[in-house]
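A.B. asks: No letters, just coordinates:
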C-alpha cells in the first residue's frame, strides 16, 4: 500500500476559523493540465492551483489540497488506486467537512461507483469532478466545475441540519449525479455525464437546486472503509453473430470470479444450446453472472421473454436498472467481501448504494 502520509497544502481564502473545511484531492486528468507561456499543454504544478484559479481566494471555505505524488491518467486507474483513495478519505474523514476529488473523465464513473461501495455509512459529501478543457485554455470548464463541487461538498441541509449530500457523487456541467448512476456519454461536449435511470441529485443554475427526494439521508453510523476488491471480473457484451469461441474464451479466463453479462432489451440473450451451455458451465465453476441491459434506460426483467427464462434457473442474477460501471464495481466489491454463496447472491440482488431503483 502506498504511503498515505501525503502533505496537505492550505489554499488562501477569505474564510474564518468557523467556515467549512474542505479537502481537494487531485488524482490527475485534464483538470490538472494548463497552458504554458508558449501555448503548450503541460501538467500544472498543482501546488499553485490558487494562481491558476484566483476565484478560489474569494470562497468562504477553508481549503486544503492533497496531490498524489504522480498524477494518474484516468485510463490507467486500477482498483488499487480506488482503495488508496478510500484510505486517504478515511485518514482525513474526521478533520474535514467534505471532499472534492479531481479526476480524469474517462473512468470517473467507475471510480465514483467503486468509492460508493467501499465507503460504507458515508456521512459526508465526496464529490468527483474534472474538466473537458484544461485550466487556462479558452472556455475552460475547470473553474466552474471545481467551485460548484466545493459548494456542494460544503452544503448543509436547511431543515435537518446535516450534510446536504452525504454520498459519493459526480458533478459536471451543472448536474450532480449519484456515483452509482453516472455514465460518461460525451467526449467533445461539456455535458460529459448522464444520470442513468435516476434523477440528478442537484442542478446548478443561478442557484443550487437540490432534489431532496432523490438524496439518500440514512441513519447516522460510523464510516466503514472496506479494503478488498476482487479483480477477477470481466464484461461480456452480446451482439448478433457472437460465437461460441468468444463466449467460451471470456467465461473461461483463469481466475474469473464474476462477469457482467450485457444483454439485449430487458435482459434477453440468445437461446442457442451452445450459449446456454457456456453460461451453465461457468456457473457450475462458481463464476457469478450479473445480467445488465445494454439499453441506457429501462431495466432487466428476467423471464419476461423466453430468451431470458432460463437465467434464473442457472443462478444468473438480474441487475435491474444498474449501469455497467456500477455493476462491474459492485461485483468487485461483493466478491471481495468473501461471504457465503447465499449472502453473495443476496448482496448482488440488493440495492446497496442507490444503484438499483426499488
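C.D. replies: Alright, I've got the coordinates. Treat the numbers as computed from the prediction; the structure is a model and nothing was measured. Numbering: from 1, shown residues only.
A.B. asks: make it CA atoms for all contacts and neighbour counts henceforth
C.D. replies: Will do.
A.B. asks: Chain neighbours aside, what residue packs nearest to residue 72?
C.D. replies: residue 28 (4.8 Å; Cα to Cα, 6 or more residues apart in numbering).
A.B. asks: Please enumerate the helices of the stretch 201-350 of the chain.
C.D. replies: Under the criterion DSSP state H, counting those that start in this stretch, the stretch 201-350 of the chain contains helices at 244-251, 273-284, 311-314, 324-336, 341-349.
A.B. asks: and what of the stretch 1-150 of the chain?
C.D. replies: Using DSSP H, counting those that start in this stretch, the helices of the stretch 1-150 of the chain run over 49-52, 79-92, 108-118, 142-154.
A.B. asks: what separates the last one from the chain centre, distance-wise?
C.D. replies: This means helix 142-154. 17 Å (Cα atoms, centre = their mean, to the nearest Å).
A.B. asks: Same check on the longest one?
C.D. replies: Here helix 79-92 shows a centroid-to-chain-centroid distance of 13 Å under the convention Cα atoms, centre = their mean.
A.B. asks: avg pLDDT for it?
C.D. replies: For helix 79-92, mean pLDDT is 97.
A.B. asks: Give the other helices and strands that that helix contacts.
C.D. replies: helix 108-118, strand 224-225 (3 or more Cα pairs under 8 Å, 6 or more residues apart in numbering; DSSP states H and E).
A.B. asks: Dump the helices of the stretch 201-350 of the chain to JSON lines, plus distance to residue 14, mean neighbour count and mean pLDDT.
C.D. replies: Rendered in JSON lines, the data for those read as follows (distance: least, Cα to Cα, whole Å; neighbours: other Cα atoms under 10 Å; pLDDT from 0 to 100):
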{"stretch": "helix 244-251", "distance to residue 14": "55", "mean neighbour count": "15", "mean pLDDT": "98"}
{"stretch": "helix 273-284", "distance to residue 14": "59", "mean neighbour count": "16", "mean pLDDT": "96"}
{"stretch": "helix 311-314", "distance to residue 14": "59", "mean neighbour count": "15", "mean pLDDT": "88"}
{"stretch": "helix 324-336", "distance to residue 14": "39", "mean neighbour count": "25", "mean pLDDT": "98"}
{"stretch": "helix 341-349", "distance to residue 14": "46", "mean neighbour count": "15", "mean pLDDT": "97"}
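A.B. asks: any chance of the ones you listed in CSV, plus distance to residue 4?
C.D. replies: What follows is those, written out as CSV (distance: least, Cα to Cα, whole Å):
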stretch, distance to residue 4
helix 244-251, 36
helix 273-284, 39
helix 311-314, 44
helix 324-336, 22
helix 341-349, 30
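A.B. asks: For residue 88, find the nearest of those.
C.D. replies: helix 324-336 (18.3 Å; Cα to Cα).
A.B. asks: Taking helix 108-118 as reference, get the angle to the closest one.
C.D. replies: 30 degrees (axes from the mean of the first three to the mean of the last three Cα atoms, to 10 degrees).
A.B. asks: and the residue nearest to residue 72, how many residues sit next to it?
C.D. replies: Residue 28 has 25 neighbours, counted by other Cα atoms under 10 Å.
A.B. asks: Kindly report the same for residue 27.
C.D. replies: Neighbours of residue 27 (other Cα under 10 Å): 23.
A.B. asks: Please shift the residue numbers so they start at 311 in all later answers.
C.D. replies: Got it, first residue is 311 now, which makes that one residue 337.
A.B. asks: ok, it touching residue 418?
C.D. replies: No - taking contacts as Cα atoms under 8 Å, residue 337 lies outside contact range of residue 418: 10.8 Å.
A.B. asks: can you count the residues close to residue 577?
C.D. replies: Residue 577 has 28 nearby residues by other Cα under 10 Å.
A.B. asks: Please name the nearest non-neighbouring residue to it.
C.D. replies: residue 610 (4.6 Å).
A.B. asks: which residues does that neighbour contact?
C.D. replies: Going by Cα atoms under 8 Å, 6 or more residues apart in numbering, residue 610 touches 575, 576, 577, 601, 602, 603, 628, 629, 630, 631.
A.B. asks: State the distance from it to residue 518.
C.D. replies: Note on residue 610: its distance to residue 518, by Cα to Cα, to the nearest Å, is 34 Å.
A.B. asks: swap in residue 540?
C.D. replies: Taking Cα to Cα, one finds residue 540 at 38 Å from residue 518.
A.B. asks: Which one of these two is surrounded by more residues?
C.D. replies: Per other Cα under 10 Å, whichever of residue 540 and residue 518 has more neighbours is residue 540, with 19 against 16.
A.B. asks: The more buried one: what's it in contact with?
C.D. replies: 567, 641, 642, 643, 645, 646.
A.B. asks: Just the terminal-to-terminal distance for stretch 489-504.
C.D. replies: From start residue to end residue, stretch 489-504 stretches across 11 Å - Cα to Cα.
A.B. asks: can you pull the buried residues of it?
C.D. replies: Going by neighbour count (16 or more other Cα atoms under 10 Å), the buried part of stretch 489-504 is 489, 490, 491, 492, 493, 494, 502, 503, 504.
A.B. asks: cool, and stretch 330-346?
C.D. replies: 330-344.
A.B. asks: which residue sits closest to the residue most central in space within the chain in space, ignoring its chain neighbours?
C.D. replies: Central residue of the chain (Cα atoms, centre = their mean): residue 422, 1.8 Å from the mean position. Leaving aside its sequence neighbours, residue 422 sits nearest to residue 489 (Cα to Cα, 6+ apart; 4.7 Å).
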